[in-house]
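A.B. asks: for reference, the sequence and a predicted model appear below.
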Amino acid sequence: MDFINPLANDYTEKYSNATPSYLKSLFEETLTSHQHAHLQSSWTQGGFLSFLSKLLAPTHILEIGTFTGFSALCLAEGLANNGELHTIELRAEDAQKAQAAFNNSPKVNQIKLHTGDAKLIIPTLLKKWDLVFIDADKTGYIEYYNLVMPQLNTNGIIIVDNVLFHGEVLEDSLQGKSAKAIQAFNEHVLSDQNTEQVMLTIRDGLTLIRKK
């Protein structure tokens with residue numbers, strides 16, 4: 001779901017070209033056939049993930065919330081030659097679709113898909129993360145953040161999606177549990193003295209968090 005003016009989204013997409021072109025069919029198929037297609041990162045947001053990953057050239061990437069695989073494949077674009085991307089998806093059906101997409105990608109040997117509860121899986125992944133992307137159930141954001149922070153390298157980056165939650169966090173009175181959870185998460189990150197962060201109005205809001 002886009003928070004900013006749809007015309008602005010169309011304009012920025014026209015003047016952006018960092019999204020891997022081979023992912024267009026996967027992106028369009030999810031949009032047209034998945035009943036929860038709004039959960040997929042936008043095309044330009046995918047380009048942002050790819051662009052940032054290429055700048056960082058990470059060895060280990062963690063994604064929490066695979067969906068059908070578009071964002072993982074964008075993030076994988078910047079992986080070091082010996083790097084790995086671990087991505088976690090709760091829903092088995094979406095995980096199967098994502099794995100099929102990974103199998104047809106040039107990064108297939110570098111992507112490890114885990115199906116199940118991220119809160120249980122993260123502690124078993126004994127890696128030091130250079131880049132983490134959180135885009136899963138909003139009520140779990142604080143717990144995901146607390147789980148990955150000890151495993152995040154110094155100067156490692158966490159990217160968090162939906163931090164504006166369709167603009168609901170701007171309301172005087174928060175109604176839904178997800179909006180309340182996102183507001184609590186935003187406050188939690190702001191109070192963390194071990195990080196610095198910048199919130200961007202890309203699509204539904206992205207926060208970039210750097211571990212000092």
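C.D. replies: Everything's here; your move.
A.B. asks: so which elements touch the helix or strand containing Asn9?
C.D. replies: Using DSSP states H and E, Asn9 maps to helix 6-14. For helix 6-14, the packing partners by 3 or more CB pairs under 8 Å, 6 or more residues apart in numbering; DSSP states H and E come out as helix 43-56. Heads up, the C-betas are built off the backbone N, CA and C, glycines and all.
A.B. asks: chain center to the helix it packs on: distance?
C.D. replies: What separates the centre of helix 43-56 from the centre of its chain is 11 Å, taken as CA atoms, centre = their mean, to the nearest Å.
A.B. asks: before we move on, the earlier item: which other residues reach the helix holding Asn9?
C.D. replies: Where contact means CB atoms under 8 Å, 6 or more residues apart in numbering, the residues beyond helix 6-14 that reach it are Asp2, Ser42, Trp43, Thr44, Arg203.
A.B. asks: in its sheet, which strands sit next to the longest strand seen in the chain, and in what direction?
C.D. replies: If each strand of the chain is counted by residues according to DSSP state E, the longest one is strand 152-161. The pairing partners recorded for strand 152-161 under DSSP bridges are strand 129-134 (parallel), strand 206-211 (antiparallel).
A.B. asks: redo those strands as CSV? Include mean pLDDT and mean neighbour count.
C.D. replies: Rendered in CSV, the data for the strands paired with strand 152-161 read as follows (pLDDT from 0 to 100; neighbours: other CB atoms under 10 Å):
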stretch, mean pLDDT, mean neighbour count
strand 129-134, 98, 25
strand 206-211, 97, 19
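A.B. asks: looking at those strands, which is closest to Thr30?
C.D. replies: Thr30 sits nearest to strand 129-134 of all the strands paired with strand 152-161, at 16.9 Å, using CB to CB.
A.B. asks: what's the first helix or strand after the closest one?
C.D. replies: Sequence-wise, the next helix or strand downstream of strand 129-134 (DSSP H and E) is helix 141-148.
A.B. asks: columns distance to Gln183 on top of the strands paired with strand 152-161, output as JSON lines?
C.D. replies: Converted to JSON lines, these look like this (distance: least, CB to CB, whole Å):
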{"stretch": "strand 129-134", "distance to Gln183": "16"}
{"stretch": "strand 206-211", "distance to Gln183": "13"}
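A.B. asks: ok, which of those strands comes nearest Thr66?
C.D. replies: The closest approach between Thr66 and any of those, judged by CB to CB, belongs to strand 129-134 at 10.0 Å.
A.B. asks: residues in contact with the closest one?
C.D. replies: Counting contacts by CB under 8 Å, 6+ apart, the residues outside strand 129-134 that touch it are 49, 52-53, 56, 58-65, 71, 75, 141, 144-145, 148, 151-153, 156-161.
A.B. asks: and what of stretch 161-177?
C.D. replies: Under the contact criterion CB under 8 Å, 6+ apart, stretch 161-177 has outside partners 1, 3, 41, 45, 133-135, 138-139, 178-180, 182-183, 185-186, 199, 201, 203-207.
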